[in-house]
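**Q** The sequence isn't on hand, but the structure is:
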């Protein structure tokens with residue numbers, strides 16, 4: 001695949017010469033390693049929190065309330081996080097967020113040890129931690145462009161995709177093990193992960209953004225500027241239309257598959273195996289993403305992936321009553337990291353540095369909101385129809401993304 005347009009690096013000079021491997025990029029690897037650790041801590045807590053609430057209250061409803069509170073907080077903070085990431089020093093933002101998350105989960109772990117971790121304490125920790133994570137992740141996404149060469153953006157995003165799927169495999173089992181050894185251990189472990197992330201961010205040498213204007217517009221005007229750029233750029237508009245249905249479809253398919261297998265009498269262990277197959281598909285896809293991107297131009301790549309994903313999801317729907325449904329779904333998610341790396345790599349290339357945070361936050365908000373609606377949609381569909389017909393709704397959503405990729409000018413006009 002040919003390079004995206006060459007952009008100026010953080011020092012203001014265009015990158016020239018042969019590109020060293022990303023594995024030799026000290027600053028990117030510091031950021032990436034720190035986030036591997038903090039994401040692992042977050043995955044442990046994602047499993048441990050509902051277990052803690054269920055043990056404390058005996059109420060599945062309250063356990064679900066905690067998860068919903070974190071999700072709603074993340075979505076509500078996305079656009080403000082974009083404004084902050086473009087207005088203030090991104091390194092300092094990430095340091096503040098890590099300090100806050102470190103304190104929150106250390107205090108929550110202490111509360112569990114002392115027996116004072118009631119529902120209000122847990123909710124306060126979840127909400128404040130989710131808000132800090134929304135700001136941190138937005139600043140991190142926006143910073144990648146300043147740490148890697150323009151022609152390595154897609155590879156950097158692919159590395160981040162591998163991190164996500166790797167953590168999804170390792171985090172929950174580790175969180176369950178630690179929770180079994182001591183209820184406070186997952187939360188104290190999460191606090192430790194934020195301490196290590198903080199050390200990694202502090203050791204990054206390169207600036208994470210270009211110089212800013214001395215007089216910045218108001219927060220409202222700044223947010224409006226970012227949305228105008230996002231909605232006014234043909235490629236970025238297409239990215240929104242593709243990312244939202246794809247995220248909803250994947251989330252909905254996994255949720256519906258889980259419910260369908262349980263209805264069919266599958267054991268929790270077998271359902272866990274299906275989830276592992278899904279995560280392994282994504283992890284392998286993240287490693288294969290750079291090779292696929294080198295062989296296919298972005299418009300061909302995205303169009304092909306959307307149509308293939310729709311077909312594989314349809315096959316998964318037809319196998320919905322057996323664990324075999326996870327196999328075509330894993331094949332579909334194998335292609336997902338390649339699509340994300342290509343789309344978000346090009347997004348970083350075409351978006352000016354001073355708008356990176358706001359554009360990223362807008363895309364993540366659209367994709368996250370669609371994914372948040374997916375479980376409710378899947379539940380409603382399964383209440384009305386049998387699993388096969390109900391799950392076929394989700395590949396239809398992917399077809400909508402495929403039509404946009406095939407005929408939309410925003411994707412077809414991309415020359416990389």
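**A** Sure thing, it's come through. Keep in mind that what you see is a predicted model, and the values were worked out from it rather than measured.
**Q** got a pLDDT number for the closest residue to residue 404 other than its chain neighbours?
**A** Nearest non-adjacent residue to residue 404, counting by Cβ to Cβ, 6 or more residues apart in numbering: residue 241, 4.7 Å away. For glycine as for every other residue, the C-beta is placed from the backbone atoms N, C-alpha and C. Listed pLDDT for residue 241 reads 92.
**Q** Buried residues in the helix or strand that residue 241 is a member of, which are they?
**A** Using DSSP states H and E, residue 241 falls within helix 234-263. Within helix 234-263, the residues that qualify as buried are 235-261, counting by 16 or more other Cβ atoms under 10 Å.
**Q** immediately after the helix or strand where residue 299 lies, which helix or strand?
**A** Assigned by DSSP H and E, residue 299 belongs to helix 298-318. Next along the chain after helix 298-318, taking DSSP H and E as the criterion, comes helix 326-350.
**Q** Toward the C-terminus from that following helix, list the very next helix or strand.
**A** Once the chain leaves helix 326-350, the next helix or strand it forms, by DSSP H and E, is helix 356-384.
**Q** by contact count, what packs against that next one?
**A** Here helix 356-384 touches helix 60-87, helix 119-147, helix 219-232, helix 234-263, helix 326-350, helix 387-391, helix 393-407, going by 3 or more Cβ pairs under 8 Å, 6 or more residues apart in numbering; DSSP states H and E.
**Q** what angle separates it from helix 60-87?
**A** Counting by axes from the mean of the first three to the mean of the last three Cα atoms, to 10 degrees, helix 356-384 lies at 160 degrees to helix 60-87.
**Q** Check the offset of helix 356-384 from the chain's centre.
**A** How far helix 356-384 lies from its chain's middle: 12 Å, per Cα atoms, centre = their mean, to the nearest Å.
**Q** Could I get the pLDDT score of residue 338?
**A** Looking at residue 338, the pLDDT reads 84.
**Q** Oops, could you answer that again for residue 396 instead?
**A** Residue 396 carries a pLDDT value of 95.
**Q** Check the one 3 residues further on too.
**A** Residue 399 is assigned 96 on the pLDDT scale.
**Q** That one against residue 310, yeah?
**A** Yes. Counting by Cβ atoms under 8 Å, residue 399 touches residue 310, with 4.9 Å between them.
**Q** Please identify which of the two sits among more neighbours.
**A** More crowded of residue 399 and residue 310, by other Cβ atoms under 10 Å: residue 310, with 22 against 19.
**Q** Report whether the expected contact of the residue nearest to residue 404 with residue 402 is present.
**A** No. Using Cβ under 8 Å, residue 241 is not in contact with residue 402, being 10.8 Å away.
**Q** Quick check: which of the helices and strands packed on helix 356-384 is nearest to residue 24?
**A** helix 119-147 (12.5 Å; Cβ to Cβ).
**Q** just checking, what packs against the following helix or strand past the closest one?
**A** Next helix or strand after helix 119-147 toward the C-terminus (DSSP H and E): helix 153-181. In terms of contacts (3+ Cβ pairs under 8 Å, 6+ apart), helix 153-181 is packed against helix 26-57, helix 119-147, helix 185-202, helix 268-295, helix 326-350.
**Q** angle of helix 153-181 against helix 26-57?
**A** Going by the same axes, to 10 degrees, helix 153-181 makes 30 degrees with helix 26-57.
**Q** got the buried residues for helix 153-181?
**A** Here helix 153-181 shows 153-172, 174-175, 178-179 as buried, counting by 16+ other Cβ under 10 Å.
**Q** Report back the residue of this protein that's furthest from centre.
**A** Centroid-distance maximum for the chain: residue 114 at 33.8 Å, with Cα atoms, centre = their mean.
**Q** still on that earlier bit, comparing the helices and strands packed on helix 153-181, which comes out most buried?
**A** helix 326-350 (a mean of 24; mean count of other Cβ atoms under 10 Å).
**Q** for that helix, packing partners?
**A** Contacts defined by 3+ Cβ pairs under 8 Å, 6+ apart place helix 326-350 against helix 119-147, helix 153-181, helix 234-263, helix 268-295, helix 298-318, helix 356-384.
**Q** could you redo the last one with a cut-off of 7 Å?
**A** Counting contacts by 3 or more Cβ pairs under 7 Å, 6 or more residues apart in numbering; DSSP states H and E, helix 326-350 packs against helix 153-181, helix 234-263, helix 268-295, helix 298-318, helix 356-384.
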